[in-house]
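Visitor: Okay, sequence plus prediction incoming.
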Number of protein chains: 2
Amino acid sequence: MNQFECIFCNKKYPLNPFRQFCPQCKEPLLVAYEKKKRIIHSDAINPLEKFRDFLPFDTINPDLQLGEGNSPLQKLNRLMLEFGLPETYAKNESINPTASFKDRGTAVAVQIAASLGITRIGTVSTGNMGISTAAYGAKAGMETFVFTKEDTSTEKLLSAGIHGINLIKVKGDYGKLSHKSFKIGKKHNIYFMNSTDPFRIEGYKVTGFEIYEQLKKKNPQFIFVPVSSGGYLIGLIKCFKELKEKKFIQRIPTFVGVQAKGSSPVAQAFAAGKSKYKRINKPSSVAQSITNPEPPGGNIVLKLIHKLDGMVIAVSDEEILAAQKLLARFEGLFCLPASATTLAGLLKLQKKRKFNSTDRIVLVITGAGVKNINVLDPDTMKIKYTDLSELDKSIASIQD
Amino acid sequence: MNQFECIFCNKKYPLNPFRQFCPQCKEPLLVAYEKKKRIIHSDAINPLEKFRDFLPFDTINPDLQLGEGNSPLQKLNRLMLEFGLPETYAKNESINPTASFKDRGTAVAVQIAASLGITRIGTVSTGNMGISTAAYGAKAGMETFVFTKEDTSTEKLLSAGIHGINLIKVKGDYGKLSHKSFKIGKKHNIYFMNSTDPFRIEGYKVTGFEIYEQLKKKNPQFIFVPVSSGGYLIGLIKCFKELKEKKFIQRIPTFVGVQAKGSSPVAQAFAAGKSKYKRINKPSSVAQSITNPEPPGGNIVLKLIHKLDGMVIAVSDEEILAAQKLLARFEGLFCLPASATTLAGLLKLQKKRKFNSTDRIVLVITGAGVKNINVLDPDTMKIKYTDLSELDKSIASIQD
């Protein structure tokens, strides 16, 4: 039988969506698998089918899916040339049903919910996770609750609200809201699949399996991942750990978690050699979707990264916006500022000569830029105004 | 040798991106293939590789691609139940690199451009096509020009502008701009890949091939497609015609083109039994991306639809917004109003008892709802405000 486990206390607990944290140390629990042979079902197209031996269920209900996954691994050949980078790829998770990696986790958590007969689900989010949970909740016909910050803009809420869910703007300490959601969930029978939900993290693994397959089993040396709650990075590490345990690979890639400087509790703890992070005050960054002052998975990330000789680094808003522009201008890839932290981090480490020319590097792109158009500055773009009668002249004036 | 052909004059011309219209009747030219055996390369994952025998090139440069295609075909099981519909699917083209079907066409047109040594490309667009062309132009390292309406909002331009392209807002008759763009293109060596570009239309076929494959070769009876310029519907019909010619299928599905009532020149001509449409004045609809008063592919659509016994119908803004909501609430699918015309059209025809219980129906979803959030009305959503201390009570008050 699969179980939950606390990787700090080394204790196991029964799988239970309503008890996701260690009763002793309060850290998030993760799914531990019983020992058995696991294979990749390469003939399947549906990623949940293909990697089902590594997921916490035996049968999959396709009527709960929205077509998530099979996202492209795009070779960044123009950036490689421009910056003298080794073989570098973007795993573009913005090409998903609700345009972010969150769909990977929601897809799995909703399968679990349905298999347990749960009919009410929820999450706490100001953006991507709320939209994803709303969409999958709608497809599953589940009553869905999204708790959000009081000052979340109506515009951001609309993409979740259109799915007919219960959207609740909550006044008060947002940091306490996630905690409170689990209490309310237990009482009202609502399964809250928040950012470090153990099943959500299992879903995140699938991004990693696809990277492994798309690189034709040539293991990458480095994988860059934005860090907010830490859930996604934990999932990706867990994937490659399991691939190693099952002898699909010999070596786990070096994981580089990237945070935004204005909200980097995990990177700060890593730099200071600490095993626990400290909550920060007043987080602030242009990379809104990763400004989490108290990441629930932060300590697990620190533990795993220490053990595997990885890194957690921070990049400035300036570096993030420059990287966002580079991805759009050289690679046709318009992503969220949070996603651009990966390229910013790569360019930062390159200056410190961290790479060999034979390395393979993967940047995990977490979400589509169109979701946060406000960070763009039209003044940095080549926009002209002209009259139809002057158009020819205007084009002639643009030098090649 | 493959050639261009005019399906009105029955004349052939050499393939030439700078001559896309019949010199006699001025209608758009289409690609005609030399007779040869064509197979589907089912082992390929890349759709351009898989269906390359049906496309106007022999080799594909993956460095010009952004991972377009392989979009999901989602069974709309909850809507089927709710409305007593036969087997109905959404082919969700919003899950593409720039979140619309335009990527299918741009991907192919850019391959052609590169193979001919063309280094400057362009398009005329107020939205999706401009964004798509900008992204692919950036990836290909081509100098890219997007001409747009004078009053296009800066917000809409940003998603194209971020790719570092030349964005030109043009004052004057927008109807004349497409025409003018071809003249300017010839003069300045810019390949304008506008809405009925023959190579773009070849790319649109790939959506159809995927539908054929995803339905495991069970041919659908009906395919609903939004109609703006007409290019997408022409491409989809062309796909199934070629599948029939090459004996993959016995019968071409019934195509239903759907327009928005406030901008429905093709539907009006169809209803009146005419073979040519009339330009309309003051187009207006909530489905902005399909309000084309003078669709360049309109007459081809009318000819093909007549011949194949299809239909072009119109739906009201009210029906469109209702359908958009239904797709989001029942199926977790948040699409553009333009895309929701397909469901609106289906429900309209269902009232007229057009379907058998054994029919298979496909709705082609053209773009992601997040691209036009302004049409949503928060007052129709379940949004609550509460204090953290009152949250429990607030949830209790929500009835199941």
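Guide: Now that the structure is in, tell me what you want to look at.

Visitor: Find the nearest non-adjacent residue to the residue in the stretch 101-250 of chain A that chain B sits nearest to, please.
Guide: Closest to chain B within the stretch 101-250 of chain A is A:Gly172: 3.0 Å, counting by C-beta to the nearest C-beta. Just so you know, the C-beta spots here come from the backbone N, C-alpha and C atoms, and that holds for glycine as well. Leaving aside its sequence neighbours, A:Gly172 sits nearest to B:Leu388 (C-beta to C-beta, 6 or more residues apart in numbering or on different chains; 3.0 Å).

Visitor: Burial check on A:Asn356, number of neighbours?
Guide: 8 (other C-beta atoms under 10 Å in any protein chain shown).

Visitor: list the contacts for it?
Guide: By C-beta atoms under 8 Å, 6 or more residues apart in numbering or on different chains, the contact set of A:Asn356 is A:Pro86, A:Gln221.

Visitor: where do the helices sit along the stretch 101-250 of chain A?
Guide: Assigned by DSSP state H, counting those that start in this stretch, the stretch 101-250 of chain A shows helices spanning A:102-115, A:128-140, A:154-161, A:174-188, A:198-214, A:231-245.

Visitor: Pull the number of nearby residues for the residue nearest to A:Gly172.
Guide: B:Leu388, neighbours per other C-beta under 10 Å, totals 16.

Visitor: Return the residues in contact with it.
Guide: Counting by C-beta under 8 Å, 6+ apart, B:Leu388 has contacts A:Val170, A:Lys171, A:Gly172, A:Asp173, A:Lys176, A:Leu177, A:Lys180.

Visitor: want to throw these into CSV with neighbour count?
Guide: Output for those, formatted as CSV (neighbours: other C-beta atoms under 10 Å in any protein chain shown):
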residue, neighbour count
A:Val170, 25
A:Lys171, 15
A:Gly172, 16
A:Asp173, 10
A:Lys176, 12
A:Leu177, 20
A:Lys180, 19
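
Visitor: Quick check: the farthest pair among these?
Guide: Farthest pair in the contacts of B:Leu388 (C-beta to C-beta) is A:Lys171 and A:Lys180. Separation: 12.6 Å.

Visitor: what residues go with each domain of chain A?
Guide: When chain A is parsed with automatic domain parsing, its domains come out as A:3-37+A:101-192, A:73-99+A:198-379.

Visitor: Export those domains as CSV, with columns for mean pLDDT.
Guide: Formatted as CSV, the domains of chain A follow (pLDDT from 0 to 100):
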stretch, mean pLDDT
domain A:3-37+A:101-192, 95
domain A:73-99+A:198-379, 96
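
Visitor: Output those domains in TSV, with distance to B:Lys205 appended to each entry.
Guide: Listed next are these as TSV, based on distance: least, C-beta to C-beta, whole Å:
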stretch	distance to B:Lys205
domain A:3-37+A:101-192	28
domain A:73-99+A:198-379	21
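
Visitor: Can you check which of the ones you listed gets nearest to B:Ser285?
Guide: Among the domains of chain A, domain A:3-37+A:101-192 comes nearest to B:Ser285, with 18.8 Å by C-beta to C-beta.

Visitor: Next up, the contacts around A:Pro337.
Guide: A:Ala260, A:Ser285, A:Val286, A:Ala287, A:Gln288, A:Ser289, A:Asp317, A:Ile320, A:Leu321, A:Gln324, A:Asn372, A:Val375.

Visitor: And the pLDDT for whichever residue of the stretch 251-400 of chain A sits closest to chain B?
Guide: As assessed by C-beta to the nearest C-beta, chain B sits closest to A:Leu388 within the stretch 251-400 of chain A, at 3.0 Å. pLDDT for A:Leu388: 93.

Visitor: Could you do A:Gln399 as well?
Guide: 64.

Visitor: thinking again about what came up before, return the subset of the contacts of A:Pro337 lying in helices.
Guide: Among those, the ones falling in helices (DSSP state H) are A:Asp317, A:Ile320, A:Leu321, A:Gln324.
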